[in-house]
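In: Sequence and predicted structure below; questions after.
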Amino acid sequence: MEKTENRNMEVKTGSVKTDSIQKDNIKTRARDLLSRMTLEEKIGQLSQAGSTMASALPGFEADIGSWVTEMMEGRLSKEEFERRLSMCREDLREEEIRSGRLGSFVNLYDDEKVAKVQKTAIQESRLHIPLLIGVDVIRGYRTIFPTPLAQSCSFDMDVVRTCAQTGKREAWVSGVNWVFGPMLDIARDARWGRIVESPGEDPYLAGQIAAAQVKTFQEPEEDGCRVAATAKHFVAYGAVSGGQDYNTVDLSKKILYDIYLPPFKKAVDAGVSAVMSAFHDLDGVPCTMSRELLTDILRGEMGFDGFVVSDAEAVKQCVVHGTARDEKEAAALCLLAGGDMDMSSLDYIQYLPQLVEEGRVKEEDIDRACLRVLEKKFEYGLFDNVWQYDEEKIRKTVLCDAHRKAAREAGKRCAVLLKNDGILPISREIKNILVLGALSEDKEALMGPWSFTGNKEYQVTITEGLRNYVPEGVSVTWVRGFDVSEDETDFEEALEAARQADFIVAVAGETAFMSGEASSRADLHLAGSQERFLKRLAGCGKPTAVVLINGRPLAIGPLKENPGIGAILEAWHLGTEAGNAIAEILLGLYNPSGRLSVTFANEGGQEPMYYNHPNTGKPGGSFKFTSKYQDVPIRPLYPFGYGLSYTTFDYRDLVVDTPVFSAEEELKVHVTVENTGDRFGEETVQLYVHDVTASLARPVKELKGFRKIGLRPGETSVVEFSVPAEELGFYDNQGRRRLEPGTFEVFAGRNSEDALMVSCEMRKPSENN
Ligand code: NOJ
């Protein structure tokens, strides 16, 4: 990847726009501070940890690791988990903070505790250096927004910005000055649980999201509100073998550079302050200790100038990977590779002093990393704009009406209508709606993964949402019926209720912990008895819409094929306002506009399945000797970019305005889109290209642009796209950029499979004059 200019020259502090002079000033202040620090204090700035828990009662053992596992596997309720925690004593590491051995705290969600540790650092440590308080904010803070995967389905950067902005403000008033987001791992495999945190499978879309999030988090607002952002997890974490979390990754350079690095490059160009290295090994080298990744590529080629933090305990895991003899060696290798901060291993603070003494690490290596961290502390105003705990301000900000409204609006735009035989929106004639399924009322599931900071009390369920929006005289009843387990006890009662109802909304999918970190699945079918129940329900002959609450694309062929299921709404985990957002869509108060940012495979065995694959020499077809599975269709169940609306759009007249263009010019096309239905709707017009002949096999389609437009019935819009020729280039297996003239097919349409096509030509350099 080419070295680019650092675009973050305009550093802003508080509400004052600053320039390179102030950047120099920051550097001077950081250097001055460094000159007064002991070696141990410098290493302290490279150390991050969370609080620890110990039993507060005699005879009671605090086994937090097992409790978390049990809770995530559904064997321990969150309430019981919290009850057990209340019997523990929390150590906020104040002694380490006081002695300058800790410069940053991870995932301290409680604002009073944040105030406490920050006060200890500022008032009681020798040099009064404030702490970086780093928290996972990937989908809001107290007001929970749709999951990142759901957000990417909005294809709407306003949705992405609003989520980041709301999370930023709620976190910032609560004392958080650093967020671990955006998560930028391209995810091509639905078995991988963390696909739910990802921006989907496409690098172009993910790049747009990366830039929007980084800028929003980091941009200072009038009152100084801003947080440092972290692009994570560097890099190619989504490519873990078989979709198993934390697993090994073996990747060609061209895929690394073409698919996995681009969103990070966009984040770096947007000035991202931190990058988190990933857990896995890439081609045998754990990312946390990869000099090639953290220094050569990230800094050398991409121009990153912030600091690198490891993922939790990833430094010590190098020993488990088998690439470091012991934790001491791991500390040296990771620091020298370019890992500036150690999250949670505490290996830096334990071993680096000794390693410097022994000459295995130079003090200047420590200084370099320490300066990077200190500069961010100055840049984000930690020394000047000291955060003050203000209970009233926090109370007025978090989960305020405006934030909840924003989450509701976002939710509506993220849900994807997958199937509709005309039963949606629910007709005004319907007088009694039956909601079925435990997930409908499961507040934790509706909030979804990575929502620890949320508050269940505010969670709107689907029944509540429908009751909030149905016209007077319409009843909404809930019967549990089924859940994600094998239990069939409540089937009969629910089916009997279904026979009496006018309209059925069946809510199926996944609980909060069935996707997310450490939640990979081999079987992508609806878990437990869900498919069985829905099959019987479909036989009741009543209009039935299935609402899916889930983190990953599921193998829902049986629902798609079943004529008794009239509609499927993919609602993901929409967060705090899920119930209201879903109700507005079902009742037609909002016309669904989400489009899939990930391919839905027919079966888990077909994964990884993604739209931007090369053609192969024997592309799948009816002929026997072609690339396909014998037992599932070649085409995906639902392709990338797919989504229905309550109206219809017609595409015509795709015209290439530059049938021949040079490598310095732009490819320009336009296409006409008309709303041919009878209500207002939003359409995401998608532009793809295919490099027909190149020195390396190129994907059958690559997204190069999209526009979300709103059209009234009968309204027509001519949508124009310009793609710099440079963006039609690709990387080779040495990581070199190539731009190869020749024929390109250009597609514009409603999804990656249904699009108009024209051809154009990039001229050879000799033909340029
Ligand atoms: C581990 C996760 O991989 C990472 O995404 C997260 O930011 C850290 N833990 C901190 O919670």
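Out: Right, received. Where do you want to start?

In: Kindly provide the distance from Gly300 to the ligand.
Out: As defined by CB to the nearest ligand atom, to the nearest Å, Gly300 lies at a distance of 25 Å from the ligand. C-betas here are computed from N, CA, C, even on glycine.

In: what about that residue, distance to Gly306?
Out: The span separating Gly300 from Gly306 equals 14 Å under the rule CB to CB, to the nearest Å.

In: And Arg635, by the same measure?
Out: In this view, Arg635 and Gly306 are 43 Å apart by CB to CB.

In: what's the answer for Ser695, then?
Out: Applying CB to CB, one obtains 35 Å for the distance of Ser695 from Gly306.

In: Looking at those two, which is more packed in?
Out: For the pair Ser695 and Gly306, the greater number of neighbours falls to Gly306 (25 against 9), based on other CB atoms under 10 Å.

In: excluding its backbone neighbours, what's nearest the more buried one?
Out: By the measure of CB to CB, 6 or more residues apart in numbering, the closest residue to Gly306 outside its immediate chain neighbours is Ser273, 4.4 Å from it.

In: How many residues are close by the one you found?
Out: Other residues near Ser273 come to 27 when the count uses other CB under 10 Å.

In: Check Val718 too.
Out: Here the count is done by other CB under 10 Å, and Val718 has 10 residues near it.

In: Equivalent analysis for Leu333, please.
Out: Counted with other CB under 10 Å, the neighbours of Leu333 add up to 22.

In: Just list the residues touching the nearest residue to it once chain neighbours are set aside, thanks.
Out: The shortest distance from Leu333 to any non-neighbouring residue, by CB to CB, 6+ apart, is to Met289 (4.4 Å). For Met289, the contacting residues are 315, 318, 323-324, 330, 333-334, 337, 339, by CB atoms under 8 Å, 6 or more residues apart in numbering.

In: One more pass at 7 Å, please.
Out: Contact criterion CB atoms under 7 Å, 6 or more residues apart in numbering gives 318, 323, 330, 333-334, 337 as the residues in contact with Met289.

In: secondary structure class for Leu127?
Out: coil (DSSP: H, G, I helix; E, B strand; the rest coil).

In: Near the ligand, which residues of the stretch 501-650 of the chain are found?
Out: Applying CB under 6 Å from any ligand atom, we find that the stretch 501-650 of the chain lies next to the ligand at Glu517.

In: Residue of the stretch 501-650 of the chain nearest the ligand, please.
Out: Shortest the stretch 501-650 of the chain-to-the ligand distance, computed as CB to the nearest ligand atom: residue-wise this is Glu517, at 5.7 Å.

In: hang on, isn't that residue packed against Arg194?
Out: Yes - with contact defined as CB atoms under 7 Å, Glu517 reaches Arg194; the gap is 5.9 Å.

In: Provide the contact partners of stretch 403-417 at residue level.
Out: 140, 143-146, 150-151, 153-154, 156, 159, 162-163, 166, 170, 569-572, 574-578, 580-582, 584-585, 590, 592-596, 643-645.

In: Could you give me the buried positions within that stretch?
Out: If you call a residue buried by 16 or more other CB atoms under 10 Å, then stretch 403-417 has these buried ones: 403-404, 406-417.

In: so can I have CSV of those showing secondary structure and distance to Leu282?
Out: Conversion of those to CSV gives the following (DSSP: H, G, I helix; E, B strand; the rest coil; distance: CB to CB, whole Å):
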residue, secondary structure, distance to Leu282
His403, helix, 38
Arg404, helix, 41
Ala406, helix, 37
Ala407, helix, 36
Arg408, helix, 40
Glu409, helix, 39
Ala410, helix, 33
Gly411, helix, 35
Lys412, helix, 38
Arg413, helix, 35
Cys414, helix, 31
Ala415, coil, 35
Val416, strand, 32
Leu417, strand, 38
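
In: Export the residues you listed to JSON lines and append columns for pLDDT and distance to Tyr629.
Out: Listed next are the buried residues of stretch 403-417 as JSON lines, based on pLDDT from 0 to 100; distance: CB to CB, whole Å:
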{"residue": "His403", "pLDDT": "98", "distance to Tyr629": "46"}
{"residue": "Arg404", "pLDDT": "98", "distance to Tyr629": "45"}
{"residue": "Ala406", "pLDDT": "98", "distance to Tyr629": "43"}
{"residue": "Ala407", "pLDDT": "98", "distance to Tyr629": "40"}
{"residue": "Arg408", "pLDDT": "98", "distance to Tyr629": "41"}
{"residue": "Glu409", "pLDDT": "98", "distance to Tyr629": "41"}
{"residue": "Ala410", "pLDDT": "98", "distance to Tyr629": "37"}
{"residue": "Gly411", "pLDDT": "98", "distance to Tyr629": "35"}
{"residue": "Lys412", "pLDDT": "98", "distance to Tyr629": "36"}
{"residue": "Arg413", "pLDDT": "98", "distance to Tyr629": "34"}
{"residue": "Cys414", "pLDDT": "98", "distance to Tyr629": "31"}
{"residue": "Ala415", "pLDDT": "98", "distance to Tyr629": "30"}
{"residue": "Val416", "pLDDT": "99", "distance to Tyr629": "25"}
{"residue": "Leu417", "pLDDT": "99", "distance to Tyr629": "28"}
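
In: any chance of these in JSON lines, with distance to Ser252 too?
Out: As requested, the buried residues of stretch 403-417 are exported to JSON lines (distance: CB to CB, whole Å):
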{"residue": "His403", "distance to Ser252": "43"}
{"residue": "Arg404", "distance to Ser252": "45"}
{"residue": "Ala406", "distance to Ser252": "41"}
{"residue": "Ala407", "distance to Ser252": "40"}
{"residue": "Arg408", "distance to Ser252": "43"}
{"residue": "Glu409", "distance to Ser252": "41"}
{"residue": "Ala410", "distance to Ser252": "36"}
{"residue": "Gly411", "distance to Ser252": "38"}
{"residue": "Lys412", "distance to Ser252": "40"}
{"residue": "Arg413", "distance to Ser252": "36"}
{"residue": "Cys414", "distance to Ser252": "33"}
{"residue": "Ala415", "distance to Ser252": "36"}
{"residue": "Val416", "distance to Ser252": "31"}
{"residue": "Leu417", "distance to Ser252": "37"}
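
In: Give me the secondary structure label for the closest residue to Ser695 other than its chain neighbours.
Out: Sequence neighbours aside, Glu740 is the residue nearest to Ser695 in space, at 6.3 Å (criterion: CB to CB, 6+ apart). Following three-state DSSP, the label given to Glu740 is coil.

In: Let me know whether Glu740 touches Leu696 as I believe.
Out: No - under the criterion of CB under 7 Å, Glu740 lies out of contact with Leu696, with a separation of 9.1 Å.

In: which ones are touching Ala56?
Out: Taking CB under 7 Å, 6+ apart, one finds 87-89 in contact with Ala56.

In: Gln123 versus that one, what's the distance?
Out: When distance is defined by CB to CB, Ala56 is 27 Å away from Gln123.

In: Kindly report the same for Gly181.
Out: Applying CB to CB, one obtains 30 Å for the distance of Gly181 from Gln123.

In: Compare these two and say which is more crowded by neighbours.
Out: The residue with more neighbours, out of Gly181 and Gln123 and counting by other CB under 10 Å, is Gly181; that gives 26 against 9.
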